[in-house]
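> model this:
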Amino acid sequence: MNLFQRNIQLFVLILLLASAASTVEAQLLRREESTGRRPGSSREELNAQSVIDSAVEAFSVGQDDRGIKALRQVAKQYPDARARFRAWLLLGEHFVARRNYEDAIVELKKVYTSEDDAQVSLALCKVGICHYEMNAYDQAVASLRQVINKYPGSAATNDAYYYIGMCHYHRKRWGKALQAFELVGTSVADREDGGDELAEAGRRLFIRVRDKDLPVLEDLGGDLLVTVAAESGDKEQIPLEAVGGEEGDFVASVRATTESSEQGDGVLRIRGSDKVTVTYSDENTEAGEAAIRRLAEVRLVSTAGLGITDGAYRQRIAAVAIEQPVFIRLKDLDLDTTIQRDEVRVKLLSRYKVIKEE
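As a prediction, the model looks like this:
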């Protein structure tokens, strides 16, 4: 093969590589266009995220000025990157932690244009907290109310109820403060993965029902009940009670235990990993239907706890005496699968230093 032929092959190879690169780039552009992203945004997002990571690292070692400067550069260098909203949010949270509330409000309000509801609701809540800390209670309530009205299922909603209650408390509006405090913890976000809702086994279960017909039924003396049934067999009917100032908001609660109980005693007998089903009868729907059953399910899980205790298995201890019994307590209701006494195995390790004789 002469030099001319080699050059021809090299030229053809370069053309093939260029064509392949163009094809890959075209596929990336089509993918980004189909998802509504600007061309080149992937690279911008990665670069912007790298800058944010360096800022977080700077904050962790006490280099606040370097971290603030890095976060402010994100929006300037990458004005189309979605990561700029996270940068503004982190910057606002940093200023809140440093009690620099005015600068925090300026940065957090920039997040309002984000398409991510979680970011916007968190920014609104943080702005409300800033106004609360500055004793501007009316402005705080206005911002926090937006969280509740626009993003009722967000993670920030419970904080919004709490700080609204605190604003009314400082204004000596005791009734409104109580209404807000009663709603703290009643907001539950929907699961994005479509999996089972989870609850800690052995804890009291709380059920929330929102139905504008319930106040009318309550006035008429009707029974306001939900049925709670465990997969292992026990079933209880639990009364609903009005909560807060929202019309049609009612809650019920039931104690869930692995101990023996009778059906109908108001205590739900469960086993480890039970699925609990809650049933509510909607007597009159907006569409005019009657007695429609509404179902909700929750899977019980247990966070295990292991420790060395005293002889009564009550209090944990940090040391044991030599040549004395060692009492170990393991709490994991996931392993309570039968009515009989269940058995588990635990592994004990003894570490000690062998002293060698001189």
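
> please make it C-alpha for all contacts and neighbour counts, starting now.
Will do.

> look at the residue nearest to Ser121 when sequence neighbours are not counted and give its secondary structure.
Nearest residue to Ser121, sequence neighbours excluded (C-alpha to C-alpha, 6 or more residues apart in numbering): Val147, at 5.5 Å. When classified by DSSP: H, G, I helix; E, B strand; the rest coil, Val147 comes out as helix.

> ok, Val147 - contacts?
121, 124-125, 156-157, 160 (C-alpha atoms under 8 Å, 6 or more residues apart in numbering).

> find me the pLDDT at it, would you?
Val147 carries a pLDDT value of 90.

> how close does it sit to Val106?
18 Å (C-alpha to C-alpha, to the nearest Å).

> again, but for Ile148
For Ile148, the distance to Val106 - C-alpha to C-alpha - is 22 Å.

> what of Asn149?
Relative to Val106, and taking C-alpha to C-alpha, Asn149 is found at 23 Å.

> so Val202 touches Val254, yeah?
Small correction: residue 202 is Gly, not Val. No - counting by C-alpha atoms under 8 Å, Gly202 stays clear of Val254, with 10.6 Å between them.

> okay, those two: which has more neighbours?
Gly202 (21 against 18; other C-alpha atoms under 10 Å).

> Ile148 and Val106: who's more crowded?
Ile148 (20 against 14).

> please name the residues that touch that one.
Per C-alpha under 8 Å, 6+ apart, neighbours of Ile148: 157, 160-161.

> make it 7 Å
Thr157 (C-alpha atoms under 7 Å, 6 or more residues apart in numbering).

> can you tell me how far it is from Cys130?
For Ile148, the distance to Cys130 - C-alpha to C-alpha - is 17 Å.

> quick one: the helices in the stretch 1-150 of the chain, in order.
Taking DSSP state H, counting those that start in this stretch as the test, the helices found in the stretch 1-150 of the chain are 3-34, 41-60, 64-77, 83-97, 101-109, 117-133, 137-150.

> so for the fifth one, what gets flagged as buried?
When burial is assessed from 16 or more other C-alpha atoms under 10 Å, helix 101-109 yields the following buried residues: 101, 104-105, 107-109.

> which of these sits closest to Pro79?
Glu107 (15.0 Å; C-alpha to C-alpha).

> pretty sure that closest one is touching Gly92, no?
Yes - assessed by C-alpha atoms under 7 Å, Glu107 is found in contact with Gly92 at 5.3 Å.

> sec struct for the most centrally placed residue in the chain, please.
With distances taken as C-alpha atoms, centre = their mean, the chain has Ala155 as the residue nearest its mean C-alpha position (5.7 Å). Look at Ala155: counting by three-state DSSP, its state is coil.
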